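> Fold the following.
(one chain, ligands or ions: 2)
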Amino acid sequence: MSLSHLPQRVKLVDVGPRDGLQNEKQPVPAAVKIELVHRLQAAGLKHLEVTSFVSPKWVPQMADNTEVMAGLQRRPDVTYAVLTPNLKGYEAAVLSRPDEIVVFGAASEAFSQKNINCSIAESIERFAPVVEAARAAGIYVRGAMSCTVGCPYEGDIAPERVGMLAKLMKGIGVQHVGVADTIGVGTPIKVQRAMEATLAHYDLNDVSGHFHDTYGQALANTLAALEMGVWQFDTSVAGLGGCPYAKGATGNVATEDVVYLLQGLGIETGIDLDALVDAGAFISQALGRKPNSRVAVALLNKRAG
Ligand code: HMG
Ligand code: MG
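Numbering: from 1, shown residues only. Ligands and ions are numbered 1, 2, ... in the order given. Below you'll find the model as predicted:
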């Protein structure tokens, strides 16, 4: 296998504090979330998705968004992103000075309705003023595209629908889009097709992968995207993650597993794997479970024995 065509560097956005913790049954104290962010940045993560400014009735775990943002000891070389589904969320978020905001839509109508209570077309209408305000304020705008491979309500999603959503996101000025396999049903070819549909509208440098690992395919899907030249990925420490509106979907691909893969491919990440494993052990202990990362468990066992 020739690896010469793979990207030489990869950017990882750890979404653990947001995607990872939004789905927990038990409340996670803000102090624990803040400590997690501090540990992740100490491990060398330069991009963190911290929280979301959504309705606390819909996602109670993120109700402490302002408190978490205010508690961060920020580093100038780290970007802190938050999710904003509408202008109300943006107006609350901007007071916390995020470096990036994320609007989040779906390639599936049914998921759009369940997750953000509106159609795809209505979601774009809601995002447009958010994007405009953020860009006027110099805040970078990412768009998450859910269900680009499969939907918990509609089943398989055709690549054309991903392309349609990417086009709509581009049309309102979203600068970067994440191709999300929300329920982790994708396999490499399907993920590549969703990526290709997106790349018809976005430059390779403005696209990332966001793969949940429900069916154990997320690392393979990551490699499949790397082979296309995609060099930006959302990952989640200790494999945390899930969406309250995607029942049965498990966590994102673990940051530890992706870092190990990249190290093995000779790709630079700037991340200290040992410190990352410690961060994952910290949050897993706080949640009362083992890290959902094969690499983390292997390294912790090696240390213990
Ligand atoms: P809605 O009920 O249609 O909104 O919800 P509304 O505008 O009719 O307002 C209803 C109430 O919500 C009002 O309050 C508003 O003030 C309030 P009330 O008068 O009843 O007291 N409200 C808000 N409060 C705080 N922040 C806001 C906000 N907006 C309205 N921003 C809404 C629409 C989008 C708000 C709702 O559906 C929602 O919060 N959804 C969030 C869903 C969510 O967070 N999902 C998880 C994140 S997405 C994800 O995980 C996928 C991703 O990881 C990629 C992947 O894997 O696919 C990104
Ligand atoms: Mg997700």
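
> How about the contacts made by the residue of the stretch 201-305 of the chain found nearest ligand 1?
Ligand 1 sits closest to Cys243 of the stretch 201-305 of the chain, with a gap of 3.8 Å, by CB to the nearest ligand atom. All C-beta atoms are positioned from the backbone trio N, CA, C, and that covers glycine. Neighbour list for Cys243: 19, 22-23, 115, 146, 182, 249 [criterion: CB atoms under 8 Å, 6 or more residues apart in numbering].

> What is the nearest of those residues to Asp99?
For the contacts of Cys243, the minimum distance to Asp99 (CB to CB) is 17.6 Å, reached by Asp19.

> which residue sits closest to that closest one, ignoring its sequence neighbours?
Among residues not flanking Asp19 along the chain, Gly241 sits closest, at 4.3 Å (CB to CB, 6 or more residues apart in numbering).

> Now do the same for that neighbour: helix, strand or coil?
coil (DSSP: H, G, I helix; E, B strand; the rest coil).

> which residues touch it?
15-16, 19-20, 23, 212, 250-252 are the contacts of Gly241 under CB under 8 Å, 6+ apart.

> need the next SSE after the helix or strand where Ile189 lies, C-terminal direction.
Using DSSP states H and E, Ile189 maps to helix 188-199. Next along the chain after helix 188-199, taking DSSP H and E as the criterion, comes strand 207-211.

> Residues in contact with that following strand: which ones?
11, 13, 15, 142, 144, 176-181, 184, 186, 191, 195, 198-199, 217-218, 221-222, 225, 230, 232-234, 252-253.

> rerun at 7 Å
Residues outside strand 207-211 that contact it (CB atoms under 7 Å, 6 or more residues apart in numbering) are 144, 176-181, 184, 186, 195, 198-199, 218, 221-222, 225, 230, 232-234, 252-253.

> And for stretch 273-291?
Under CB under 7 Å, 6+ apart, the answer for stretch 273-291 is 16, 24, 28, 32, 35-36, 39-40, 42-43, 237-240, 255-256, 259-260, 263, 293, 296-297, 299-300.

> for stretch 160-168, same thing?
With contact meaning CB under 7 Å, 6+ apart, stretch 160-168 is reached by 105, 107, 120, 124, 145, 148, 177, 194, 197-198, 200-202.

> swap in stretch 90-102?
53, 66, 69-70, 79-84, 130, 133-134, 137, 139-144.

> what does stretch 103-122 give?
83-85, 123-124, 126-127, 130-131, 141, 143-148, 151-154, 157, 161-162, 165, 169, 174, 243, 245.

> about what we covered before: could you tell me which of the contacts of stretch 90-102 count as buried?
53, 69, 79-84, 130, 133-134, 139, 141-144 (16 or more other CB atoms under 10 Å).

> what two of these have the greatest distance between them?
Met69 and Gly143 (20.8 Å).

> sorry, back to before: ok, of the contacts of stretch 273-291, which come out buried?
Using 16+ other CB under 10 Å, the buried members of the contacts of stretch 273-291 are 16, 28, 32, 35-36, 39-40, 43, 237-240, 255-256, 259-260, 293, 296-297, 299-300.

> ok, now how distant is the residue nearest to the spatial centre of the chain from Leu87?
The residue lying closest to the centre of the chain (CA atoms, centre = their mean) is Asp234, at 4.1 Å. Relative to Leu87, Asp234 is positioned 24 Å away (CB to CB, to the nearest Å).

> Next: Pro76.
Distance from Pro76 to Leu87, by CB to CB: 29 Å.

> More neighbours: which of the two?
The neighbour comparison of Pro76 against Leu87 (other CB atoms under 10 Å) goes to Leu87, with 15 against 4.

> ok, the more buried one to Ile101 distance?
11 Å.

> With Leu240 instead?
21 Å.

> One more: Val32?
24 Å.

> What segments of the stretch 201-305 of the chain are strands?
Under the criterion DSSP state E, counting those that start in this stretch, strands of the stretch 201-305 of the chain are mapped to 207-211, 232-235.

> Could you dump the ones you listed into CSV with mean pLDDT added?
Converted to CSV, the strands of the stretch 201-305 of the chain look like this (pLDDT from 0 to 100):
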stretch, mean pLDDT
strand 207-211, 98
strand 232-235, 98
